[in-house]
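Colleague: structure for the following, please:
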Amino acid sequence: MIDLYYLNKVDGYDYECSAQSNYTEIDVSKIYSESKNTLFINGLLTRDKQIFIADVINALNDGRDLFIEMDTPGGSVQGVREVYNSLVDFEGQVVLYSKGNIFSGGYYIASAADKIIVSQSTGIGSIGVFSMVISYKDMFDSVGIDINVIKEGKFKTLGSPYEKLTEEDSEEIQRDIKILYEDFVNVVSIGRNVDAEVIKGIGARSYYGRFAPKFLYDELEG
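Modeller: Residues are numbered from 1 along each chain as shown. Predicted coordinates for the structure are as follows:
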C-alpha cells in the first residue's frame, strides 16, 4: 500500500510530498486513515493538475472508501475525463462533499461519486461548455499594423487573435463545443441516473445549496 501525503502550497511555502512528483504547486491534499482515504480538490482545475489528481486517485485505489472534499469553479476540459474515469474504476465507495463550489468541470468529476453531499450554500451546477475567441484584427488595422499569416491547412489558425472569425470558423468551434457538451451531459446523466433532456433543461445554470435541483446532489447539510 502506498501512503501519499500532499499539503497545499500556502503563503509561499512549497507543499511537502512523500512520493516523487514533477509538480511543484498543486492544491491537492491526502490524509491517511485506516477506514478511508481523504482527498481534497481545490481551486482551478488545470490539465496538469487533473492528470495528477487522477494519478493520486489511482494510487489510493486500495479497497478502502474514498472521501473527497471539493471546492472548485471548474477548469480545463483536458484532464477531466481522466479524473472521472479514475473514480468510475475506484473499488471502494466514493463520497464527495462540498461546502464551497462544485461548478462545471468539478461537477463532471463529482458525477462519478456514489454520493454527493452539499451544504446550504454550496455552489453547484454550471453543466456546460464555452470557448472565447478574441480578435485584435480591427485594432491592428486601425493603427496601420498588418498581420500576415502564412499557413497550410484550412483551419490551422482557427481561433487566432490576428484574424477575424468567419461564419465557417464559428460553426467549426460550435461543433466542437457541442461534442464536449453532449459528453458532459452524458456522464452526468449516467452518474446521476437522470434523463439527459432534464439536464439540458436547466441550461447550464449555477445554483446554491437548497435551491439546486435535487438530482444534482444526494444529501443537503443543515
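
Colleague: give me the low-pLDDT residue ranges for this structure?
Modeller: Applying pLDDT under 70 to the chain picks out residues 1-35.

Colleague: domain ranges for it?
Modeller: 1-126+205-222, 129-183 (automatic domain parsing).

Colleague: wait, which of the ones you listed is closest to Ile190?
Modeller: In terms of C-beta to C-beta, the element of the domains of the chain nearest to Ile190 is domain 1-126+205-222, at 7.7 Å. Heads up, the C-betas are built off the backbone N, CA and C, glycines and all.

Colleague: number of residues surrounding Gly201?
Modeller: 10 (other C-beta atoms under 10 Å).

Colleague: list the buried ones in the biggest helix by length in the chain?
Modeller: If you go by DSSP state H, the chain has its longest helix at helix 167-192. Buried residues in helix 167-192, counted by 16 or more other C-beta atoms under 10 Å: 169, 172, 181, 184-185, 187-189, 191-192.

Colleague: helices or strands up against it?
Modeller: If you count contacts as 3 or more C-beta pairs under 8 Å, 6 or more residues apart in numbering; DSSP states H and E, helix 167-192 packs onto helix 105-110, helix 196-201.

Colleague: for the last one, packing partners?
Modeller: Same thing as helix 196-201. Here helix 196-201 touches helix 167-192, going by 3+ C-beta pairs under 8 Å, 6+ apart.

Colleague: which stretches in the protein count as helices?
Modeller: 47-59, 80-88, 105-110, 137-142, 167-192, 196-201.

Colleague: switch the domains of the chain over to CSV; also include distance to Ala196.
Modeller: Shown next, in CSV, are the domains of the chain (distance: least, C-beta to C-beta, whole Å):
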stretch, distance to Ala196
domain 1-126+205-222, 12
domain 129-183, 8
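
Colleague: looking at the helices of the chain, which is nearest to Ile124?
Modeller: helix 105-110 (6.6 Å).

Colleague: picking up where we left off before, packed most tightly, which of the helices and strands packed on helix 167-192 would that be?
Modeller: helix 105-110 (a mean of 28; mean count of other C-beta atoms under 10 Å).
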